[in-house]
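Chemist: here you go, sequence then predicted model.
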Amino acid sequence: MVRRLDVTGPDGVRLAAWEFSDMPKCGPEAGPADGAQETGPLTRSKGVLLLHGLMGRASHWADTARWLSGRYRAVGLDQRGHGRSAKPAGGGPGDDGEHQDPYAREKFVADAESAIEQLGLAPVALIGHSMGALTAWQLAAKRPDLVHALIICDMKASALGEQSQREWEEWFKSWPVPFATLADVRRWFGEDDPSLERPTPSRGDFFAEVMTERDDGWWPVFSRRQMLGVREAWVHDAHWDELARVVCPTLVVRGIEGELGRAEAQEMVRVLPRGIYAEVPDAGHLMHLDQPADWRRVVEPFLQAVLPADG
């Protein structure tokens with residue numbers, strides 16, 4: 001089961017949060033599950049907030065949230081511009097900078113802060129994947145009173161560089177949109193995408209969940225131009241200083257075949273005052289989808305140690 005909880009960002013942007021319990025797989029057009037109830041929160045005294053990565057949505061955490069909900073109050077947030085949350089106009093390459101970018105990095109951090117406070121989750125354990133991990137550690141640095149523990153999933157602290165952004169821009173242009181069917185979505189992102197080194201079914205499933213059907217076929221629910229703009233924050237800027245200000249216990253997890261290298265992950269652990277290192281074998285960037293059982297074996301003991309459930 002999943003319930004929708006409406007949240008408002010500090011600048012008035014409407015955000016969709018989803019409280020999970022044992023639930024079926026969700027479809028691309030629903031929220032995290034068809035027939036989701038829009039009602040008040042379930043009762044769990046220890047909160048976990050799950051933050052998805054760029055282009056993702058809260059439903060990508062469904063399997064993780066299902067086993068978390070046995071011990072904690074597990075909530076996933078559709079971040080602005082993603083999922084069922086509002087998608088403010090503006091943002092992205094080419095903006096003149098005369099108005100405040102609704103997709104500036106601090107907006108994502110403030111949204112997560114608002115969600116924790118409005119839903120009564122504090123002190124919370126934050127689990128963030130990729131972009132969501134950066135949001136999580138920036139919030140933990142800003143508001144240590146709200147964050148009891150942190151899990152960083154496959155996100156670098158170093159800047160990626162301009163070449164990376166150019167490659168992404170070309171990759172977005174290569175998408176053969178619209179897709180005729182969801183099967184075509186899964187096949188292209190999971191098998192046919194030239195950027196893939198080998199078939200990755202979980203990647204196809206990831207993108208199938210972030211497509212919406214229009215009259216002419218299936219399109220992403222997000223703006224690719226805005227996603228490029230969001231990504232600028234870690235293309236040009238490093239985030240080591242904020243990482244060093246995170247005082248809560250922090251688990252840095254990388255997939256062996258993911259984007260975060262072992263040397264940088266271990267340096268992140270060294271910089272963190274209370275950092276712990278872990279790897280998920282045979283997993284790429286989407287480790288929680290690639291190897292869900294191994295992901296759980298890494299994450300669950302850490303959470304049980306630093307955030308024991310009541311009772």
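Modeler: Right, received. Where do you want to start? Residues are numbered from 1 along each chain as shown.

Chemist: residue 274: how many residues sit nearby?
Modeler: Residues within reach of residue 274, counting by other Cβ atoms under 10 Å, total 14. Any C-beta I mention is one placed from the backbone N, CA and C, and that applies to glycine too.

Chemist: kindly report the same for residue 113.
Modeler: 20.

Chemist: and it, how close does it get to residue 121?
Modeler: Residue 113 sits 11 Å away from residue 121, going by Cβ to Cβ, to the nearest Å.

Chemist: next: residue 298.
Modeler: Using Cβ to Cβ, residue 298 is found at 23 Å from residue 121.

Chemist: so for those two, which residue has more residues nearby?
Modeler: residue 121 (24 against 20).

Chemist: that's a strand at the more buried one, yeah?
Modeler: No. The assignment for residue 121, made by DSSP: H, G, I helix; E, B strand; the rest coil, is coil rather than a strand.

Chemist: quick check: next helix or strand after the lowest-mean-pLDDT helix or strand in the chain?
Modeler: Within the chain, no helix or strand scores below strand 37-38, which has a mean of 43 by mean pLDDT, DSSP states H and E. Using DSSP states H and E, the helix or strand that directly follows strand 37-38 along the chain is strand 47-51.

Chemist: what's the following helix or strand after that next one?
Modeler: Downstream of strand 47-51, the first helix or strand assigned by DSSP H and E is helix 62-68.

Chemist: so how far is that next one from its chain's centroid?
Modeler: 14 Å (Cα atoms, centre = their mean, to the nearest Å).

Chemist: show me what that helix is packed against.
Modeler: strand 14-20, strand 47-51, strand 73-78, helix 287-290, helix 292-306 (3 or more Cβ pairs under 8 Å, 6 or more residues apart in numbering; DSSP states H and E).

Chemist: neighbouring strands - and their directions - for the first one?
Modeler: Meaning strand 14-20. The strands beside strand 14-20 in its sheet (DSSP bridges) come out as strand 2-8 (antiparallel), strand 73-78 (antiparallel).

Chemist: average pLDDT for the longest one, rounded please.
Modeler: Spelled out, that is strand 2-8. Averaged over strand 2-8, pLDDT sits at 96.

Chemist: give the buried residues for that strand.
Modeler: Within strand 2-8, the residues that count as buried by 16 or more other Cβ atoms under 10 Å are 2, 3, 4, 5, 7.

Chemist: now tabulate these in a markdown table and tack on distance to residue 231.
Modeler: Output for the buried residues of strand 2-8, formatted as a markdown table (distance: Cβ to Cβ, whole Å):
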| residue | distance to residue 231 |
| --- | --- |
| 2 | 28 |
| 3 | 31 |
| 4 | 27 |
| 5 | 28 |
| 7 | 24 |
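
Chemist: low-confidence ranges, the stretch 51-200 of the chain, go.
Modeler: Residue ranges of the stretch 51-200 of the chain with pLDDT under 70: 91-99.

Chemist: now the element after the host helix or strand of residue 138, going C-ward?
Modeler: Taking DSSP H and E as the criterion, residue 138 maps to helix 131-142. Next in sequence after helix 131-142, counting helices and strands by DSSP H and E, comes strand 147-153.
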